[in-house]
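Peer 1: Here is the input, now give the coordinates:
(one chain, ligands or ions: 1)
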Amino acid sequence: MFKSIRTTLLWWYVVILVGTVGLYGTVVYYALRRNVLTQVNDRIREQAVAIALTWEDNADEKADAVAFELTELFPVFAGEGNDRPYFIGWKKDGTVGLVSRAGLEVPFPGQVCYRTRGMWREITVGGSDGRLVLVGEHTGTVRAELSGYLQLLLGSGAAVLALALLGGWFFSGRVLAPIHRISRAASEISGSNLARRIDVGKTESELGRLAGTLNSAFDRLQKTVEQQSRFTADASHELRTPVSIVLATAEQTLAKDREAPEYRESLEAVLRAARRMKSIVDGLLALTRADSGSVTLERDNVDLAEVVEETLALLEPLAGEHAVTLSSSGPRPLIIGDRERIREVFTNLVTNAIRYNHRGGTVAVVVQENGTHVEAKVIDTGIGIAEEHVPHLFERFYRVDAARTRAAGGSGLGLAITKWIVESHGGSITVSSREGEGSTFTVRLPRISEVRPPCDAVDSSTARSLTGTTDRPLTRVQQPIQHPS
Ligand code: ADP
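Peer 2: Numbering: from 1, shown residues only. Sure thing, here's the model as predicted:
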């Protein structure tokens, strides 16, 4: 069940406050009561002792005369009213020898003691000859006084409690108001209104930090949603062109009967558009899988130089078409990773380096070891990239020159996929370029960490394989295939 923080806070506040005020009131009341009753006890004991001494000093006189003298001495015993104090003296044989007023019915205590009889507080003291003297005082006034104090304590306790509750309610409201503001602002943020933010200026202390954290989470969310919708819009836009080509070509071709070469030409146009669609759809699928985190990477021991060599061999025909020379050099470090994905990285980079190159240009892949990392540089002598485009190169569907890229068959997704693969291997990719002079894409990947064998007796080939390197140099230069002009 939903329970508001304010109610819970107040509930605990009340429990603690009632406990504290109750305990304090009880201690005060009982201290007061003890004090008042001690005063009564002391007073009647003093009177009883004085009466016993006087009775003893006047043992020879008649009891009535002694009683009269005592009432003269202690006027509280004189006067009217049933609640006035009294004294009684018993002789050794238990017979009453002294009494403050006639008609008193007080049970013989038989010994020295304090006792409470109904509303009366009594004390018995012993005299000489086994005499006992008892003094009794009505406690009505004292009790009324105590009950007055009790009411005062209860009343002031209730007032303190009520004030504290009001204050608690007010302050908890003030403290929790920012939380309400945060929750209101958060609930107003929806798919269509992602720009709304919590006003951090009005939200103090720790809650201000919480609001700030939420705002940055909303910023990230907004960025992701915007990226997603831009991605979807770009994807639809990219697919629309080949789809339109397929539709238009098919409609035009079917509009009248044609010769076989015309059908062939149309089918080739449709095939080119379909291939383009496939490349876009494959790229989209790869990135969507990457975003959802559903891609599992293999963990093979990969000889980077071997992957580079295989990639160059595969791309040789393309390089030939563009009259570009491919070469590779460097050591043969081992890395841990997904061989096919790493191949894809070099396929994308070298394909770009060929496509955006000049005829007669070169593409060199240089592998280097750099401490804990391996670097592979794809260096081309192509058209280069203007400085303002460099920060956006790895964005999805970003193209420096859309018309040229489309003509070259690019989908604008290659570098985004490349970056994802490199980063999911714990590596990084950077680019440096000069417009008109060429570009260098540098892939950094963590190499297999060096393992130091526990003993000295290791032959050199084992040592090399443990460090993930062999000293077989990788140098390979391919001549461009010359096409008749
Ligand atoms: P595409 O499939 O269109 O080539 P990429 O994501 O691989 O998409 O590349 C994005 C853009 O970066 C390309 O359209 C191109 O303009 C630019 N680009 C990539 N590599 C190079 C390069 N080696 N030289 C010049 N421009 C490049």
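
Peer 1: in the chain, which ranges drop under the pLDDT threshold?
Peer 2: Under the criterion pLDDT under 70, the flagged ranges of the chain are 1-2, 191-192, 201-204, 402-409, 449-485.

Peer 1: So which bits of it are right by the ligand?
Peer 2: Within the chain, the residues that sit near the ligand (Cβ under 6 Å from any ligand atom) are 348, 352-353, 356, 380, 382-383, 385, 393, 398-401, 405, 410-416, 439. For glycine as for every other residue, the C-beta is placed from the backbone atoms N, C-alpha and C.

Peer 1: buried subset of the residues you listed?
Peer 2: The neighbour-count test (16 or more other Cβ atoms under 10 Å) marks 348, 352-353, 356, 380, 382-383, 385, 393, 398-400, 405, 410-416, 439 as buried among the residues of the chain next to the ligand.

Peer 1: Next step: those restricted to helices.
Peer 2: Using DSSP state H, 348, 352, 353, 405, 414, 415, 416 are the members of those that sit in helices.

Peer 1: Which two of those have the greatest separation?
Peer 2: The distance between the two most remote of these (Cβ to Cβ) is 17.1 Å, for 353 and 416.

Peer 1: re the thing from before, so can I have TSV of the ones in helices among the buried ones among the residues of the chain next to the ligand showing distance to residue 255?
Peer 2: As requested, those are exported to TSV (distance: Cβ to Cβ, whole Å):
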residue	distance to residue 255
348	40
352	39
353	43
405	32
414	37
415	41
416	40
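
Peer 1: now, which of these sits nearest residue 195?
Peer 2: residue 416 (25.9 Å).

Peer 1: mind checking how far the nearest residue to the closest one once chain neighbours are set aside is from residue 288?
Peer 2: Leaving aside its chain neighbours, residue 416 sits nearest to residue 396 (4.5 Å; criterion: Cβ to Cβ, 6 or more residues apart in numbering). Look at residue 396 and residue 288: by Cβ to Cβ, to the nearest Å, they are 11 Å apart.

Peer 1: Of those two, give the one with the bigger neighbour count.
Peer 2: Between residue 396 and residue 288, counted using other Cβ atoms under 10 Å, residue 396 has the larger neighbour count: 18 against 13.

Peer 1: quick one: contacts for that one?
Peer 2: Applying Cβ atoms under 8 Å, 6 or more residues apart in numbering to residue 396 gives the contacts 231, 234, 287, 412, 413, 416.

Peer 1: Touching stretch 425-442 from outside, list them.
Peer 2: With Cβ under 8 Å, 6+ apart as the criterion, stretch 425-442 contacts 297, 335, 337-338, 341-342, 349, 352-353, 356-357, 361, 373, 375-387, 390, 393-394, 418-419, 422-423, 443-446.

Peer 1: residue closest to the middle of the chain?
Peer 2: residue 210 (8.8 Å; Cα atoms, centre = their mean).

Peer 1: Double-check it against residue 182; I have them as touching.
Peer 2: Yes: counting by Cβ atoms under 8 Å, residue 210 touches residue 182, with 6.9 Å between them.

Peer 1: For the chain, which segments count as helices?
Peer 2: 5-57, 63-73, 140-188, 205-254, 260-292, 304-321, 339-355, 402-407, 414-424, 460-466.

Peer 1: Only the buried residues of the fifth one, if you could.
Peer 2: Translated: helix 260-292. 266, 269-270, 273, 276-277, 279-280, 283-284, 286-287, 290.

Peer 1: How far away from the center of its chain is that helix?
Peer 2: Centroid separation for helix 260-292 versus its chain: 46 Å, with Cα atoms, centre = their mean, to the nearest Å.

Peer 1: excluding its backbone neighbours, what's nearest residue 429?
Peer 2: Distance criterion Cβ to Cβ, 6+ apart; nearest residue to residue 429, sequence neighbours excluded, is residue 422 at 4.7 Å.

Peer 1: related to what we said a few turns ago, okay, the buried residues of helix 260-292 in a markdown table with distance to residue 32 next?
Peer 2: Shown next, in a markdown table, are the buried residues of helix 260-292 (distance: Cβ to Cβ, whole Å):
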| residue | distance to residue 32 |
| --- | --- |
| 266 | 111 |
| 269 | 107 |
| 270 | 105 |
| 273 | 101 |
| 276 | 98 |
| 277 | 95 |
| 279 | 95 |
| 280 | 91 |
| 283 | 88 |
| 284 | 86 |
| 286 | 85 |
| 287 | 82 |
| 290 | 79 |
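
Peer 1: Which of those lies at the shortest distance from residue 24?
Peer 2: Once Cβ to Cβ is applied, the member of the buried residues of helix 260-292 that ends up nearest residue 24 is residue 290, at 66.8 Å.

Peer 1: Now do the contacts for the closest one.
Peer 2: 417, 420, 424.

Peer 1: again, only using 7 Å
Peer 2: residue 420 (Cβ atoms under 7 Å, 6 or more residues apart in numbering).

Peer 1: repeat for residue 13
Peer 2: residue 168 are the contacts of residue 13 under Cβ under 7 Å, 6+ apart.

Peer 1: Repeat that for residue 415.
Peer 2: Counting by Cβ under 7 Å, 6+ apart, residue 415 has contacts 348, 393, 394.

Peer 1: For the last one, which residues are in contact?
Peer 2: Looking back up the chat, that one is residue 394. Residue 394 neighbours (Cβ under 7 Å, 6+ apart): 415, 416, 419.

Peer 1: run the last query once more with 8 Å
Peer 2: Contacts of residue 394 (Cβ under 8 Å, 6+ apart): 415, 416, 418, 419, 429.

Peer 1: Now for the closest residue to the ligand within the stretch 101-250 of the chain, how many residues are close by?
Peer 2: The ligand sits closest to residue 238 of the stretch 101-250 of the chain, with a gap of 10.0 Å, by Cβ to the nearest ligand atom. Using other Cβ under 10 Å as the criterion, residue 238 is surrounded by 23 other residues.

Peer 1: So it versus residue 393, what's the distance?
Peer 2: From residue 238 over to residue 393 (counting by Cβ to Cβ), the distance is 17 Å.

Peer 1: Likewise for residue 336?
Peer 2: 27 Å.

Peer 1: Also residue 245?
Peer 2: 27 Å.

Peer 1: Residue 198: neighbouring residues, count only.
Peer 2: 25.

Peer 1: can you pull the contacts of it?
Peer 2: Applying Cβ under 8 Å, 6+ apart, we find residue 198 in contact with 181, 182, 185, 186, 211, 214, 215.

Peer 1: Could you list which residues are in contact with residue 67?
Peer 2: Contacts of residue 67 (Cβ under 8 Å, 6+ apart): 98, 99, 100.

Peer 1: Tabulate the residues you listed (JSON lines), appending neighbour count.
Peer 2: Converted to JSON lines, the contacts of residue 67 look like this (neighbours: other Cβ atoms under 10 Å):
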{"residue": "98", "neighbour count": "23"}
{"residue": "99", "neighbour count": "18"}
{"residue": "100", "neighbour count": "22"}
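
Peer 1: Which single one of the residues you listed is nearest to the ligand?
Peer 2: The ligand has its nearest neighbour among these in residue 100, at 118.4 Å by Cβ to the nearest ligand atom.

Peer 1: That closest one: what's it in contact with?
Peer 2: Counted by Cβ under 8 Å, 6+ apart, residue 100 has contacts 67, 70, 71, 77, 85, 86, 87, 88.

Peer 1: try 7 Å this time
Peer 2: 67, 71, 77, 86, 87.

Peer 1: Pretty sure the last one sits against residue 137.
Peer 2: Right, residue 87. No: Residue 87 lies out of contact with residue 137 (Cβ atoms under 7 Å); the separation is 10.1 Å.
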